[in-house]
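# give the three-dimensional model of this entry:
(2 chains)
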Amino acid sequence: MTTHITLRDYSLAFPVFKGSARSLKKTIVRQARSSLAPVREASVGGVLHGAAGGGDTVVVQAIDRLSLDIGAGERVGLVGHNGAGKSTMLRALAGIYESADGLLQVQGHVHALLDPQSGMNPELSGRENVRLFACRLQYDRARTTALERDVEAFAELGAFFDLPVRLYSSGMTVRIGFALATAPRPEILLMDEWFLAGDQHFQDKARARLEDLIDSADILVLTSHSLPILRRWCTRVIWMEAGRIRFDGPPGDVLDAYEASQNIRAVDFSP
Amino acid sequence: MTVPAPGQAPQRREAGVAPPGPSGATPAARVPGLRSMARAMADLRGALGLWRFACALGWLDVRLRYRGSALGPLWITLSSAIMVASMGLIYGRLFHQDLARYLPFLALSLTLWQVGLSGILQDACTCFTDAEGAIRSMRTPYAVQALRVIVRNAIVFAHNIVVPFAVFAIFHAWPGVVALASVPGVVVWLLDGFAACLLLGAICARFRDVPPIVGSVLQIAFYVTPIIWRPEQLGHGASWLMLNPFYPLLEIVRAPLLGAMPGAVVWGEALALSCVFCAVSLVAFARVRARLSFWV
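So this is what the prediction gives:
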């Protein structure tokens, strides 16, 4: 079975709790009231709507009946405004967010780089975090040592490698997170845009490593606001808007259209 | 999500409604309740497979808490000893107890309660919320966090249990071989603690005012459970004790360590309570597991 990602009418909505929705007492009182009172019209339509019974819970429809196929060898870029559903999409593909609405199939080993900390413990040193990560992947002693060397060589942190991660600059954290995530050679790599925090030297190295990885790995899904990066790295770009696909195609076409829409927007708002 | 070694078989993950037709639609996949239960069981199995990782996390929690202090985790032992000594002197005088008999009882009861029962229930509340960063950055079985809490508390317990043993040595109050009968009790505690992490961890992730409620309930339980006082002091009222769920649970571990066998009624009630509690926790965990990453 080859590596692939398939989505069919996949929707994902998540609750956002504000203030009193976190309170057990207030939730019980509210539910008791709403069961007595006639049901109010809750849904406003669109991306945000209040949960039934009003209150402080907002439901965000982050992915809305989306269908998509990504096959082996594709390097897919996701573009869209903040809140278009790009990061949620990566979390859903990574299996962190689950939804029973529609079909989501992921075939292959997945690794996701979602935030620079990548679940690292800031109190531990870089080396200790690498060991913990190896433990998470159930590596034996030899592979742990190999991973440690690999990450140490790639991240080029010098003496900082043995200092707690909380002392690192954001660029240093990114280097170690990137090295860790790419070391296990996943078949599917999901990346959020933060890794661009590195300097030019790091970006060149990262690109070389990614290209190397793409040869062995099969699918890369990348979100970014940097259009040049997407043009260079991707073979396909998906433009997302309000949890749906607005445009899906070769990077040139999609990014030109995306840029054009941005410019129109800019003209619209200019006096 | 696990990233298996290259030699391992690639994994397949599906979410949502299975496609129509024979492709992969097992009977369990058709009923939502059964499907979420099957996923919860897979989560538990995955966590057990990662026991080394859970142990490393639990051990690091203890180590990081005491990093930079000269005594390290020995502080746990020391503060426990200080508390037992001061409470023993005060309550021994208040209750007019013979210190040689009362202090071993108090030292053991306090330690078992504070670490074994009360401590783990309070720790269970923050089981998932404390691991927010890890949960939101990488797919890992949720039950790993529960195992981590258990490991962390087991380490703290090992540091604490030294104190009552030292008191036993000082007052020549060794229980003898019957003490070994507490081992099955400790196993029941471990299982209950794990179930508590799944249940309370999930509830507290959704409702943030539950941890203080748990804290208050435990405060009351501390006084109505025979920890600083002996069941005999109740006189005829002692039969009411069985209505307190903490009493049989405490007794199955404490009685053997004080040199007595717990009765069949005590063991029966402790087992029945534990079975119900574990079943409720498992069902609740299966129901809310998929939503936990939105809640933390």
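
# show me the helices in the stretch 1-150 of chain B, by range?
For the stretch 1-150 of chain B, the helices defined by DSSP state H, counting those that start in this stretch occupy B:27-30, B:32-49, B:51-65, B:74-94, B:99-111, B:120-125, B:132-137, B:143-160.

# by mean pLDDT, show me the worst of the ones you listed.
In terms of average pLDDT, helix B:27-30 trails the rest of the helices of the stretch 1-150 of chain B, at a mean of 50.

# which residue sits closest to the residue nearest the centre of chain B, ignoring its sequence neighbours?
The centroid of chain B falls nearest to residue B:193 when counting by C-alpha atoms, centre = their mean (2.5 Å). Closest residue to residue B:193 apart from its sequence neighbours, by C-beta to C-beta, 6 or more residues apart in numbering or on different chains: residue B:120 at 4.4 Å. C-betas here are computed from N, CA, C, even on glycine.

# and the one you found, what does it touch?
Applying C-beta atoms under 8 Å, 6 or more residues apart in numbering or on different chains, we find residue B:120 in contact with B:149-150, B:153, B:189, B:193, B:196-197.

# now with 10 Å, please.
Residue B:120 sits next to B:114, B:149-150, B:152-154, B:156-157, B:189-190, B:192-194, B:196-197, B:200 when contact means C-beta atoms under 10 Å, 6 or more residues apart in numbering or on different chains.

# of these, which is the most crowded?
Compared across the contacts of residue B:120, residue B:197 has the highest neighbour count, 29 neighbours, by other C-beta atoms under 10 Å in any protein chain shown.

# the residue nearest to that residue when sequence neighbours are not counted and chain A: what is the separation?
Counting by C-beta to C-beta, 6+ apart, residue B:146 is the residue found nearest to residue B:197 once chain neighbours are left out, at 3.5 Å. Look at residue B:146 and chain A: by C-beta to the nearest C-beta, to the nearest Å, they are 16 Å apart.

# residue A:192 contacts residue A:96, doesn't it?
No. With contact defined as C-beta atoms under 10 Å, residue A:192 does not reach residue A:96; the gap is 12.0 Å.

# need the overlap of contacts for those two.
With contacts taken as C-beta under 10 Å, 6+ apart, residue A:192 and residue A:96 have A:90, A:112, A:114 as neighbours in common.

# could you give the backbone dihedrals for residue A:225?
Dihedral pair for residue A:225: phi -100, psi 0, per degrees, to the nearest 10.

# could you measure from residue B:83 over to chain A?
Counting by C-beta to the nearest C-beta, the gap from residue B:83 to chain A is 27 Å.

# that residue - how many residues pack around it?
15.

# list the contacts for it?
Counting by C-beta under 10 Å, 6+ apart, residue B:83 makes contact with B:107, B:110-111, B:114, B:163.

# 8 Å instead, please
Residues counted as contacts of residue B:83 (C-beta under 8 Å, 6+ apart) are residue B:110.

# now swap in residue B:99 and tell me
By C-beta under 8 Å, 6+ apart, the residues touching residue B:99 are B:88-89, B:92.

# just residue B:207 next, same as before
Listed by C-beta under 8 Å, 6+ apart, the contact partners of residue B:207 are A:22-24, A:27.

# so residue A:11 belongs to a strand, correct?
Yes. Counting by DSSP: H, G, I helix; E, B strand; the rest coil, residue A:11 falls inside a strand.

# give me the nearest residue to residue 121, chain neighbours excluded.
All of this is about chain A. Spatial nearest neighbour of residue A:121, excluding adjacent residues (C-beta to C-beta, 6+ apart): residue A:129 at 6.3 Å.

# can you look at chain B instead?
With C-beta to C-beta, 6+ apart, the residue lying closest to residue B:121 is residue B:196, at 5.7 Å.

# the one you found contacts residue B:119, doesn't it?
No. With contact defined as C-beta atoms under 8 Å, residue B:196 does not reach residue B:119; the gap is 11.0 Å.

# could you tell me the model confidence score at residue B:3?
With respect to pLDDT, residue B:3 scores 40.

# can you map out the strands along the stretch 151-271 of chain A?
A:188-191, A:219-223, A:236-241, A:244-249 (DSSP state E, counting those that start in this stretch).

# pull the residues that contact the first one.
Defining contact as C-beta under 8 Å, 6+ apart, one finds that strand A:188-191 is touched by A:3, A:5, A:90, A:93-94, A:106, A:108-114, A:181-182, A:210, A:213, A:217-223.

# one more time with 6 Å, if that's ok
A:90, A:93-94, A:108, A:110-113, A:217, A:219-222 (C-beta atoms under 6 Å, 6 or more residues apart in numbering or on different chains).

# in the stretch 151-271 of chain A, which residue sits nearest chain B?
Residue of the stretch 151-271 of chain A nearest chain B, by C-beta to the nearest C-beta: residue A:184 (4.3 Å).

# how many neighbours does the residue nearest to residue A:10 when sequence neighbours are not counted have?
The spatially closest residue to residue A:10, leaving aside those adjacent along the chain, is residue A:102, at 3.7 Å (C-beta to C-beta, 6+ apart). Using other C-beta under 10 Å, the number of residues around residue A:102 comes to 19.

# distance of the residue nearest to residue B:193 from chain A?
Note on residue B:120: its distance to chain A, by C-beta to the nearest C-beta, is 21 Å.

# which positions in the stretch 151-271 of chain A make contact with chain B?
By the rule C-beta under 6 Å from any C-beta of the partner chain, the part of the stretch 151-271 of chain A lying against chain B is A:184, A:186.

# what residues does the stretch 51-200 of chain B put near chain A?
Residues of the stretch 51-200 of chain B lying close to chain A (C-beta under 6 Å from any C-beta) are B:52-53, B:56, B:64, B:133-134, B:137-139.

# 7 Å instead?
Within the stretch 51-200 of chain B, the positions adjacent to chain A are B:52-53, B:56, B:60, B:64, B:133-134, B:136-140 by C-beta under 7 Å from any C-beta of the partner chain.

# filter those to the buried ones?
Neighbour counting by 16 or more other C-beta atoms under 10 Å in any protein chain shown classes B:53, B:56, B:60, B:133-134, B:136-140 among these as buried.

# tell me who's in contact with residue B:106.
Under the criterion of C-beta atoms under 7 Å, 6 or more residues apart in numbering or on different chains, the neighbours of residue B:106 are B:84, B:87-88, B:91, B:228.

# for chain B, what are the nearby residues on the stretch 1-150 of chain A?
Counting by C-beta under 7 Å from any C-beta, the residues of the stretch 1-150 of chain A near chain B are A:10, A:14-15, A:22-25, A:27, A:94-112, A:114-115, A:117-119, A:123-124, A:132, A:135-137.

# give me the PyMOL select line for those residues, limited to the buried ones.
Typed into PyMOL, the line below selects the buried ones among the residues of the stretch 1-150 of chain A next to chain B, using 16+ other C-beta under 10 Å:
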select buried, chain A and resi 10+14+22+23+27+94+95+96+97+98+99+101+102+103+104+105+106+107+108+109+110+111+112+114+115+117+118+119+124+132+135+136+137
